[in-house]
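return atomic coordinates for the entry below.
(chains A and B)
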Amino acid sequence: MVRSLFVFIFILSAFLSFDGIAQIPVPENGVESSEPTSYVLSNARIIVDAETTIGKGSLVIKDGRIVAVGKLVKHPAGSVVIDMKGKTIVPSFIETYSSIGLPDPSKTKWSPRPQLESKKEGAYYWNESIKPEVNAVTLFKSDQKASKEYQKMGFVVAATHVQDGIMRGAGPVVALGDVDSREAVIRSNAAAYFSLKKGSSRQTYPSSQMGSIALFRQAMYDAEYYKENKSCSPRNLSLEALNEQLNAPMIFEVEDKLEIFRARKIADEFDLNFTIVGAGNEFERINELAALEDQRLIIPIIFPDAYDVGDPYVARQISLGDLKEWELAPANPYFLRKKGIEFAITSKGHKKASDFWNHLHKSMENGLTREDAIRSLTSVPASILNISNDLGSLEEGKLASFSIFDKDPFEFKNAEIHESWSIGKQHVLKQEPLVDIRGKYRFSIDSSSYVIELKGQAEKPKGSLTAYKTTVDSSQTPPVEKLDTLKIKVDVTVERKNANFHFDVSDDYYDGVITLNGQYNQKINAFIGQGMLPSGRWIKWTGIQLEKPKDSNKEENGKVVIDTADIRKIWYPNMAYGFDTLPESQTYVLRNATLWTNEDAGIVEEGTVILKDGKIDFVGTGNYSIPADAITIDCKGKHITSGIIDEHSHIAISKGVNEGGQAVSAEVSIGDVVRSDDINIYRQLAGGVTTSHLLHGSANPIGGQSALIKLKWGYSPEEMLIDNAPKFIKFALGENVKQSNWGDFQTVRFPQTRMGVEQVFYDAFIRAKEYQEKWQNYNDLSPKKREMKGVKKPAKDLELESVWEVVNSERFISCHSYVQSEINMLMNVADSMGFTVNTFTHILEGYKVADKMVEHGAGGSTFSDWWAYKYEVQDAIPYNASLMNEQGVLTAINSDDAEMGRRLNQEAAKGIKYGGMTEEEAWKMVTLNPAKLLHLDDRMGSLKEGKDADIVVWSDNPLSIQARTLFVFVDGELLYSDEALGMHQQRIAEEKARIISAMLASNKRGEKKRTFKKEKKKHWHCDTLGEEAH
Amino acid sequence: MNRLLIILLLVSFSFGSLSQEKILLSRATVHTGNGIKINQGLVGIQDDKIILVENALTYSLDKEVWDTIIDLKGKHVYPAFFAPNSNLGLTEIDAVRATNDYDEVGAFNPHIRSLIAFNAESKVSATVKTNGVLYAQAAPTGGIISGSSSVMKLEAWNWEDAVVKADDGIHLNWPATLQGGGWWAEPAPKKKNKKYAEQVTRIEDFFKAARSYAKKHDEFDQRFDAMQEVFNGEKRLYIHANELKALIDAVDFSKEMEVQFPVIVGGYDAHLIARELIDAEIPVIIKGGHELPQNDDDPVDMQYRLPKMLKDAGVKFCIQSAGSMPTMNSRNIPFLAGTAMAYGLSEEEAIRSVSLSTAEILGVGDKVGSIEKGKLASLFVSEGDALDMRTNDVTMAMINGKFLNLTNHQIKLYEKYKEKYEEN
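Predicted structure coming up:
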């Protein structure tokens, strides 16, 4: 019922400005409780909103709402007036991302046996991580304890949801503080929440981020289908809830700047509007972010702490990427605002209010303006949650939820929060003492007097006194008298206007404890009272103030000073070897080199290559004119080739290379998770690689879609992906797909034998054909005929669409394979379905079936000499490439390994050693042949005019052990050079030294620090299984 | 095709038997392994020894003295290459546990001996020999002290026959200064190893106890007994350490414990403590170029340049196999030397780093490792430069004067299928 109300509330919220505060009467035990219903907070500095601050004004509250605000307001009859002299009233901050008042998601017990199907009973979606049906408001309980810290941060309003799963359900907006659960809910289903993390689900699928993305999309299509076919479908509570949430604010949590673009891609596909909860490192891709239209963010300000760099051995191992992030993260909000990106700030990640305020002030000192800070904590989150009518400022008619500080917290770092008001209810967070007794006094006690100093906080001062004692040194003749000065601690407690003093003294007058109690007279700044001497005698005493308290809290010290002069440059990527500014495509003339054309001309001595506008403009020895502004490089004695193409690579991938959760995962795509800040991009570029085929792993028979990228170091994933690239998909056979080497518990998933693998393929292809026919039937009919015949639009199935593309020869297979039996099997299956297996990759027994491969039309992409790593490679031989090549199989040599990818020229050269290829043949193994296998040979793979200017200049014959890369161009841009390497290294060393010394200074100031952690780099291979979707 | 010729030649020498014949390898480019290159070299062999190394241009050759003269004009002769710190002979297939015999249970296993598990008939070794790598140091791995390694010939009837030096040294895995990192499927951040000091103390305690045992003991202790030769210089102590701090501590430790022959294995940061290593006379077995830099910020060609950096600094070093599958990849050791050459070493220095330097560091340099008069005749012939993939073509090889049968499972399969296609 709540859900059906939801849409109604949502649409009408603009008119229902008073909902949630008009209370339903609750029977009371006794006479109705007596509470004031209206207040006037007068004499305050009021921050109405980011633009308006009233210097001295009043705020009038009635029945939980603001009824007036301004310099001159009418006091309603019977209202309680509270003098707020000197204080600042700040509208409640609004937390958009919390789980306050909700139970922790419960995790079922881990079992070594994989769980392939959902164990959740009921009319729910088939995957446990898709749970839009979770309705957090039904689970919500007011939690005063947890509220306290939020209130201290300034949040009296929060949206809350169960932080578990990919589709997490709806969450309410609630009032924080000592508010009864019955009164606390301001909006029931304010927003729906999403992420790419599977959370507590133990189901095997999804096991990767690309799997999460595919699952999200499939659920969206399923919801669409469900909506259109509701009458004839069994009810599904998950999809019903999801369909309702599409109209609500949708909040999507990510963990990295690159994931913002992944989430946005989903939003665009379904015409949705996600507000994305970022990770705090958005600045690292600021330009691409700014290019997204209307992309609102919620950003955390949990900046990384400085590392403990006291140990130089540890300090030297901290990566420059981590150091630069530490230095620039506090400027993240500034960078975003500078680009006009709108965001709300969340306290996410903060356990302590003091840390939150530290970080907020830090981000202001790094350029976030006061107005933007206020806006991002009040009006922006209100607008995100669609509650601007009720919250987000201190305007008339809005809910009376605000905080009171002793001074403006956006101007003073030492501002303290005193009260927070939640829907009209006052919470005192800090009880102010009635008197401030700090200062220096002379206490006259009976026959003696002491100078006492009271310092520290007004509500809990600390005291000390000075006493004198005469001692006689009788060892001297005559004995010498000496006056010792004694510093004695005084215990002080303040209670209303009275103070108790308590000290232990041993001087010329007393020996023992003196206890005093006195009342403080504010007008004359003096105490009068009684006390007890060590002897037990009661006396009267007075204390006269000698000096006012020294103001240790000088306002100047606490001022927030915004200074952006010192903000350093972002590098692209923001780590070692990153660029300040990306190199531009220029015109280069590379002269006098030996050209390995890979064309009919073969190897050409003393030739010239001209790169212009990202393309090869000229190749050869003939006449050419040097274009204007060209950069000419004399390459005498050097060799020039087209860039190396790695047919099988797993670098530059985020969060999982395998979606092994199911035997068929054709719906997932590496293209969704390309990671542009993998150092291996740069390392392989240094090895002459310019294009890589990023493959899904080999954990299942039908894996996922591949990505074809150029190694455009410094650019975004989107810019690295090759435009209009042919479509590829990974298939796999053998030990990995039957889980032979995964341990004794992995014996559940079908298939467990090579026999089963064949059936997985037949099943998938037949299902895909049926699927396609259904759509064909539907598409062939006019809308009118569809209605007449009752033909409905079929459900969209991302998996089968991709499999159908394979059957229909629109998507090419790159199939992980080892032994001849399975190779022949797949070719038979493909023949019977009428398509060709494009590439067998690894294909270590390809030499045994090369004739059959030629007949079928399959190519082979293999290792030069790997073997002995598992049973199925027992018959692997390094002569494989040569034998296949000789038989006419289109053959390539690949890496499948981040390290080997750096020296594929050497791997190609092994073709000469093992089986006697010619040098030109061997070189084509890593250039033209992979280009052909990847259907990219019209744009790369050889030195030919019009092809992409992906060019490598080598110091020597590229197949020689002596060969080193001197220049590497991608699309005509010089992205690596031997010379620049030295420059980079010096720059890295200087930047590291500079930031480490800044960190050391931070350590010395006693700022928070953390012990060093070094990210283990993810080097994927085919076999890598990642539980990366958690 | 050269290979076939040589095989025919071998048959005529009564293959396998130790001949009393005097054989002369004539007119090849001889790389002696100790830094010398003779363009027209003569290498004379009798029984298992090298009896002559001369320059053909200056030596007056009496052809009558030699029973067989093999003309190797245009070819290269190299000393046998070594695979130090290797699992060769101790494993066949990584993923098949039954074939793995290198990692024993327990933290302190100095008494564990690799040689008795050594498979003289290893199929992996057979593919390594054919590229010129004829010796391996079969080393156990795992634990804190993994056990004793032995230097082995890769061609033998059994492990007793294969031994060149039994129990040449004990392998100590120095604690890492950083720890964690999850496992390969679920990587996690590495952290400063808070137990580092404690772990180092534990090693110290073990060594102290082992040393005391040497002076006086009532009861026999297998572990301590195995340690004695580390202190008297009979065995080397191979300390596996990479990071700077670990290296500094390992050097101090070996001085303090009076370890006679410490050797650093790994030594990623060794160039940063060259002075200390030289002063303490500690050599380093470094990983070859087929290894990624350990940190994002490191020079992308760090591993390629390390040999030259150590050479310039004056540190004694040799090169071991590296990469994700170092055992199988031992056959690429010639190319690791080649890469070191491309990044600064001279050709002969590069050859030394996988032959004589290795033999010296492993304590067998007096017998093998170079082509010198009086040494065992362990060498190979390559049609071209053996350090380059294109020209490494080993057509003849011998260990202790005995010619090797240069074929293996892979070559047989190659020939079998080549024939299949030729028939069609």
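
in a strand, A:Ala68, correct?
Yes - remark: A:Ala68 belongs to a strand, assigned using DSSP: H, G, I helix; E, B strand; the rest coil.

for it, what are its contacts?
Counting by CB atoms under 8 Å, 6 or more residues apart in numbering or on different chains, A:Ala68 touches A:Ser58, A:Leu59, A:Val60, A:Lys74, A:Glu396. All C-beta spots, glycine's among them, are computed from the backbone N, C-alpha and C.

what's the closest of these to chain B?
Minimum distance to chain B across the contacts of A:Ala68 is 48.3 Å, recorded for A:Leu59 (CB to the nearest CB).

can you pull the buried residues of the helix or strand hosting that closest one?
According to DSSP states H and E, A:Leu59 maps onto strand A:53-62. Neighbour counts using 16 or more other CB atoms under 10 Å in any protein chain shown place A:Thr53, A:Ile54, A:Gly57, A:Ser58, A:Leu59, A:Val60, A:Ile61, A:Lys62 of strand A:53-62 among the buried residues.

find the nearest non-adjacent residue to the closest residue to chain B within the stretch 351-500 of chain A, please.
For the stretch 351-500 of chain A and chain B, the shortest gap (CB to the nearest CB) falls at A:Lys351, measuring 20.1 Å. With sequence-adjacent residues excluded and distances taken as CB to CB, 6 or more residues apart in numbering or on different chains, A:Lys351 is closest to A:Glu149, at 7.1 Å.

give the next helix or strand downstream of the one helix or strand that neighbour maps to.
Taking DSSP H and E as the criterion, A:Glu149 maps to helix A:144-153. Next helix or strand after helix A:144-153 toward the C-terminus (DSSP H and E): strand A:155-160.

pull the residues that contact that next one.
A:92-102, A:136, A:140, A:150, A:171-177, A:186, A:190-191, A:251, A:347, A:385, A:387, A:391, A:399, A:401-403, A:420-422.

among these, name the ones in helices.
Those of the contacts of strand A:155-160 mapping onto helices are A:Tyr150, per DSSP state H.

list, out of the contacts of strand A:155-160, those positioned next to chain B.
The overlap between the contacts of strand A:155-160 and the neighbours of chain B (CB under 8 Å from any CB of the partner chain) is empty.

of the contacts of strand A:155-160, select the buried ones using a PyMOL command.
Selection of the buried residues among these in PyMOL, burial being defined by 16+ other CB under 10 Å:
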select buried, chain A and resi 92+93+94+95+96+97+98+99+100+101+102+136+140+150+171+172+173+174+175+176+177+186+190+191+251+347+385+387+391+399+401+402+403+420+421+422
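
and the contacts of strand A:155-160, which of them are in strands?
If you go by DSSP state E, these have A:93-98, A:171-175, A:186, A:190-191, A:251, A:402-403, A:420-422 in strands.

neighbours around residue 43, how many?
This is for chain A. A:Asn43 has 15 neighbouring residues, counting by other CB atoms under 10 Å in any protein chain shown.

let me rephrase: I mean chain B.
Using other CB under 10 Å, the number of residues around B:Val43 comes to 26.

partner residues bridging it?
Beta-bridge pairing for B:Val43 (DSSP bridges): B:Leu25, B:Val53.

contact partners for it?
B:Val43 neighbours (CB under 8 Å, 6+ apart): B:Leu24, B:Leu25, B:Ala28, B:Val30, B:Ile50, B:Leu52, B:Val53, B:Val77, B:Ile371, B:Leu379.

sounds good, over and out.
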